[in-house]
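Trainee: heads up, no residue letters with this:
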């Protein structure tokens, strides 16, 4: 096969050409026993169980080619799925990636996407073990992540108990802050960190298994926004959760507060409802020491409180924006 | 939550509503240790390995709502992925399903799709263990299938040896025959079996592990067409394969031959190049007895023949249509 030139499109290379080229780029991780190129991949699941999660990203809804490079889209697509694995207390092992792409997509875009996916996986020992490509009008990325609990019990959303401490690992609000500036066309005024984190979030992957080892009773990754995801724990566990206003405010970095001030926005809006930083939120028994990197945010209320309720200092936050992909816009 | 009414759309119900409703419909199989509703599912992988494959189906390219019901699309989407698991010699355990759907999709369509997915899985002991839904203009289904080798070595495409017998389990050509009549708007003239199999293929799932147990050296499912997929084995194994014209002709059912005659088509075109029946093709050592349900088609040629070549009675089939999703149309 000839070397690619920079202006080749997927249509010219064909599906088999794409799979071949991408598979050759990918360095497989130690858990991949059989990688791309056969009917299916074979991946180690060392303790006899596999953790699996799937997500869809559509151009226009979940990313924009004018705001993010293909490499950044790949990093983010991988990150949001790998974070789901960490949010069970597991270690990621592999991704499977489906790509719907228009025939005129430059081959370099697909190659850079694959590089982004691979680079997000590599530090975790994971890799892209398989995939599918097909032609379609809307650029769409379907990612399935697999992971290994290594003997740990999975930490679900449903085990929080009254008295537990609610804590967070990782960043909150940067992605929403970056999106706000991009959406206003005010990119030049945005804090660098906000643009960077909107394009490539930095989930605290290791904090998932760490929380499991420290006895976390519930664990989730923040994909819908802190309040919404804490609400999922409250709902599934049948408890009420109260966050401490000061502890939440302490999660607003100074540059984020400055940026919010310039836009006349309360930065708590980003921290409480911004959804794509993929921080991890967990509940820990009151007597447990929080592992390194985890910071307390609040507490599971005593039995008798309204099940599923999430408050801040006993009050309901009113500026909440949910993220419901089918809701009327 | 109130009972659904028949004219509700996804937009009205919202993403969380859809996931809730579908998850409640699904009876989980024995391998699903933790089903839908958390950050990820947990699935048994009894021998410390998981087999995983992913596929995309787009409305217009892979199915048409006017030709197939939602239930049939669900059956077929599951079947083509479950067949990939069988084609490694494994037993399916679970599906993860991503659905991109327009906001005006009737809720009943999504519900029937889920029922089709569930019904194709159930006889195998598998189930839909997780998923994602998002709003988009093109109805798209991304399916990832997981499976368990139960201690068997995976049967790849690369192990065929000179002298091996090439054999098939399952049906060939019916799906292409059905598609031909549908594409011509001649549905009323089509054999019932052709329409049925185009809409819901019937992969011989059990034949995969059976072939592995019988010592198969290579195994693939027919998704690109018999010649193309036998060609994948020939390529990956570095061998040439010659099919026997009489044995191939014996795979043409009488009603298919009649239907082809009415259209002035050689039915071998359907059998050799039709891609969606998801039969399984394997190579077996010459001395192995073919397991029940497997029928010989030809032989791996002696060393020295052109690597990757597939012939029929020593000749090259000229009517081949490949299926390359990005090739120019």
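Mentor: Looks like it arrived, so ask away. A quick note: this is a predicted structure, and the numbers were derived from the prediction, not measured.
Trainee: element containing the residue lying closest to residue A:119 once chain neighbours are set aside, please.
Mentor: Using C-beta to C-beta, 6 or more residues apart in numbering or on different chains and skipping the chain neighbours, the partner closest in space to residue A:119 is residue A:75 (6.4 Å). (Glycine included, C-beta is placed from N, CA and C.) Taking DSSP states H and E as the criterion, residue A:75 maps to helix A:70-86.
Trainee: chain B contacts on the stretch 151-300 of chain A?
Mentor: Counting by C-beta under 8 Å from any C-beta of the partner chain, the residues of the stretch 151-300 of chain A lying close to chain B are A:154, A:156-158, A:219-221, A:236.
Trainee: can you give me the helices for chain A?
Mentor: A:10-25, A:70-86, A:107-121, A:174-183, A:192-199, A:207-213, A:226-237, A:245-249, A:254-263, A:267-273 (DSSP state H).
Trainee: would you map out the domains in chain A?
Mentor: Chain A breaks down into these domains under automatic domain parsing: A:16-148, A:165-312.
Trainee: which of these is buried the deepest?
Mentor: When neighbours are counted by mean count of other C-beta atoms under 10 Å in any protein chain shown, the highest per-stretch mean among the domains of chain A falls to domain A:16-148, a mean of 23.
Trainee: list the contacts for the spatially most central residue of chain A?
Mentor: For chain A, residue A:80 is the residue whose C-alpha lies nearest the centre (C-alpha atoms, centre = their mean; 2.5 Å). Counting by C-beta atoms under 8 Å, 6 or more residues apart in numbering or on different chains, residue A:80 makes contact with A:55, A:57, A:143, A:201, A:203, A:223, A:276, A:278.
Trainee: now it: how far from residue B:77?
Mentor: Distance from residue A:80 to residue B:77, counting by C-beta to C-beta, to the nearest Å: 23 Å.
Trainee: what does residue A:161 give?
Mentor: For residue A:161, the distance to residue B:77 (C-beta to C-beta) stands at 40 Å.
Trainee: and what of residue A:247?
Mentor: Between residue A:247 and residue B:77 the computed distance is 46 Å (C-beta to C-beta).
Trainee: what residues are bridge-paired with the residue nearest to residue A:293 when sequence neighbours are not counted?
Mentor: Distances taken as C-beta to C-beta, 6+ apart place residue A:169 nearest to residue A:293, at 5.0 Å, with adjacent residues excluded. The residues listed as beta-bridge partners of residue A:169 by DSSP bridges are residue A:280, residue A:294.
Trainee: correct me if wrong: residue A:169 contacts residue A:280.
Mentor: Yes. In terms of C-beta atoms under 8 Å, residue A:169 counts as a neighbour of residue A:280; the distance is 4.8 Å.
Trainee: list residues touching both of the two?
Mentor: Common neighbours of residue A:169 and residue A:280 (C-beta under 8 Å, 6+ apart) are A:204, A:207, A:211.
Trainee: could you export these to JSON lines, including columns for pLDDT?
Mentor: Compiled in JSON lines, the shared contacts of residue A:169 and residue A:280 are given as follows (pLDDT from 0 to 100):
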{"residue": "A:204", "pLDDT": "98"}
{"residue": "A:207", "pLDDT": "98"}
{"residue": "A:211", "pLDDT": "98"}
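Trainee: how far away is residue A:42 from residue B:150?
Mentor: Residue A:42 sits 13 Å away from residue B:150, going by C-beta to C-beta.
Trainee: any low-confidence regions in chain A?
Mentor: Regions of chain A meeting the criterion pLDDT under 70 cover residues A:1-6, A:15-17, A:19-21, A:23-24, A:319-329.
Trainee: again, only using 80
Mentor: With pLDDT under 80 as the threshold, chain A has low-confidence stretches at A:1-7, A:10-26, A:303-305, A:318-329.
Trainee: OK, contacts around residue A:142?
Mentor: Residues counted as contacts of residue A:142 (C-beta under 8 Å, 6+ apart) are A:54-57, A:97-100, B:54, B:56, B:98, B:142.
Trainee: what distance separates stretch A:179-192 from the centre of its chain?
Mentor: Taking C-alpha atoms, centre = their mean, to the nearest Å, one finds stretch A:179-192 lying 21 Å from the centre of the chain it belongs to.
Trainee: how long is that stretch end to end?
Mentor: Its first and final residues considered, stretch A:179-192 spans 12 Å by C-alpha to C-alpha, to the nearest Å.
Trainee: ok, stretch A:26-46 next?
Mentor: Between the start and the finish of stretch A:26-46 there is a gap of 22 Å, counting by C-alpha to C-alpha.
Trainee: go on, stretch A:156-164?
Mentor: In stretch A:156-164, first residue to last residue: 15 Å (C-alpha to C-alpha).
Trainee: what does it rub up against?
Mentor: Around stretch A:156-164, the neighbours that count as contacts under C-beta under 8 Å, 6+ apart are A:88, A:166, A:217-220, A:232-239, A:241, A:283-286, A:299-303, B:34, B:37-39.
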